[in-house]
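# Fold the following.
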Amino acid sequence: MATKSWKSTLFRSKLFWAMVSVPLIGLIAIVCIWFVRQSSLDAQLAELRAKGLPTTASEVNDFYVVPAGVTDTTDLWVAAIDAVQAADLSTRGKTLPFIGEGPTPVPPPGEAWAELEASRALITGLDSELQMIWQAAAAGGLARYPVDFSAGINTPLPYTQNSRDVAKLLSLDAHTAAHDGDNARALQDLKAIFSLSDALRREPCAVSQLTRIALHEIGNNAVEQLLPHCQWDDVELQTLQSAIRSAQFNAELINGLHGERVVCLDAFDTISLGPFRPANKLETLRHF
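Next up, the predicted model:
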């Protein structure tokens, strides 16, 4: 009887029911909040997909394509970049400017340049690599480099990074050509730098878009240094102006942000956040 009386008293206790109901209400509240946030998250992700924008790492691969009607120069640029990497410029041109540790800025055409002969010698041995670069640049269009974005934040970008070496080689060749009075070749090199930059304009990664801007700046610096000394005619100057002005950085940076948004969303899936994951993803969408 005493046991029954104790149990009866316990179940009639307000404290007991408070101790039971408060956690239960809290759990129900958490479930409801999670459901609301998850529903909002699903709706926003569906809206992005309806616009053709990626929401998962695998969708980024499908998003990163060469648009219809645009020349696909992927194979040309991949071959050229691979060839430059195989040439081991940093070792062969260690004492030269741009590609090595040589002094910059380079003296303008007409003035003595200590590294001119060494630059000529290196350039002569890289004729096939330069021909590949010029062919890719002349083709225009853009590239879809062989990058698998399903790795999320750990995605390697070898062709994006190695594009810098191509631009540096073109800068060295442009200055060498200008010193030798070959203004047409110098112009070809400069326009090739801008074409190399343009090839990255669709890559859905902020690093790639920043690299694109850096490549463009390499070209701008070379133009600034050589323009007063190379006797380009009006038609040649117009082609150079068009190459420089082709970049639309504001619009293109958006491609990078589309990819970065997915990287952030994907990162939350690798962290044990439990019921707080939808809230963090919603905040990510709001931020972007």
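# My understanding was that residue 71 contacts residue 139; is that so?
Yes. Checked against Cβ atoms under 8 Å, the pair residue 71 and residue 139 is within contact range at 5.9 Å. The way it works is simple: take the backbone N, C-alpha and C, and place the C-beta from them, glycine included.
# between the two, which one's more packed in?
More crowded of residue 71 and residue 139, by other Cβ atoms under 10 Å: residue 139, with 15 against 12.
# pLDDT at the more buried one, what is it?
Looking at residue 139, its pLDDT reads 96.
# What segments of this protein are helices?
For the chain, the helices defined by DSSP state H cover 2-11, 14-50, 57-63, 74-86, 89-92, 116-124, 127-139, 158-179, 183-198, 206-226, 234-245, 249-269, 277-287.
# and these as TSV, adding distance to residue 101?
Formatted as TSV, the helices of the chain follow (distance: least, Cβ to Cβ, whole Å):
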stretch	distance to residue 101
helix 2-11	82
helix 14-50	47
helix 57-63	38
helix 74-86	18
helix 89-92	9
helix 116-124	12
helix 127-139	21
helix 158-179	12
helix 183-198	21
helix 206-226	17
helix 234-245	29
helix 249-269	31
helix 277-287	41
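# looking at these, which is closest to residue 100?
With Cβ to Cβ as the measure, helix 89-92 is the member of the helices of the chain nearest residue 100 (6.4 Å).
# And that closest one, what's buried?
Going by neighbour count (16 or more other Cβ atoms under 10 Å), the buried part of helix 89-92 is 89, 92.
# Now do that helix: which elements does it pack against?
Judged by 3 or more Cβ pairs under 8 Å, 6 or more residues apart in numbering; DSSP states H and E, the packing partners of helix 89-92 are helix 158-179.
# Can I get the helix it packs on in CSV? Just the C-alpha atoms.
Extracted in CSV, the C-alpha atoms of helix 158-179 (Å, rounded to 0.1, in the frame of the first residue of the first chain):
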residue,chain,number,x,y,z
PRO,A,158,46.0,22.6,-61.2
TYR,A,159,45.2,24.3,-64.5
THR,A,160,44.0,27.5,-62.9
GLN,A,161,47.2,27.7,-60.9
ASN,A,162,49.5,26.7,-63.8
SER,A,163,48.0,29.3,-66.0
ARG,A,164,50.2,31.8,-64.2
ASP,A,165,53.3,30.2,-65.6
VAL,A,166,51.9,30.6,-69.2
ALA,A,167,51.3,34.3,-68.6
LYS,A,168,54.8,34.7,-67.2
LEU,A,169,56.3,33.0,-70.2
LEU,A,170,54.3,35.3,-72.5
SER,A,171,55.5,38.3,-70.6
LEU,A,172,59.1,37.3,-71.0
ASP,A,173,58.6,36.6,-74.7
ALA,A,174,56.8,39.9,-75.3
HIS,A,175,59.7,41.9,-73.7
THR,A,176,62.3,39.9,-75.6
ALA,A,177,60.4,40.4,-78.9
ALA,A,178,60.1,44.2,-78.2
HIS,A,179,63.8,44.5,-77.5
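# out of the helices of the chain, which comes closest to residue 109?
The closest of the helices of the chain to residue 109 is helix 158-179. By Cβ to Cβ, the value is 4.5 Å.
# who are the neighbours in contact with residue 221?
residue 171 (Cβ atoms under 8 Å, 6 or more residues apart in numbering).
# Of the helices of the chain, which is nearest residue 149?
Closest of these to residue 149 is helix 57-63, at 3.9 Å (criterion: Cβ to Cβ).
# chain center to that closest one: distance?
Here the centre of helix 57-63 is set off from its chain's centre by 14 Å, with Cα atoms, centre = their mean, to the nearest Å.
# about what we covered before: can you check which of the helices of the chain gets nearest to residue 148?
The closest of the helices of the chain to residue 148 is helix 57-63. By Cβ to Cβ, the value is 6.5 Å.
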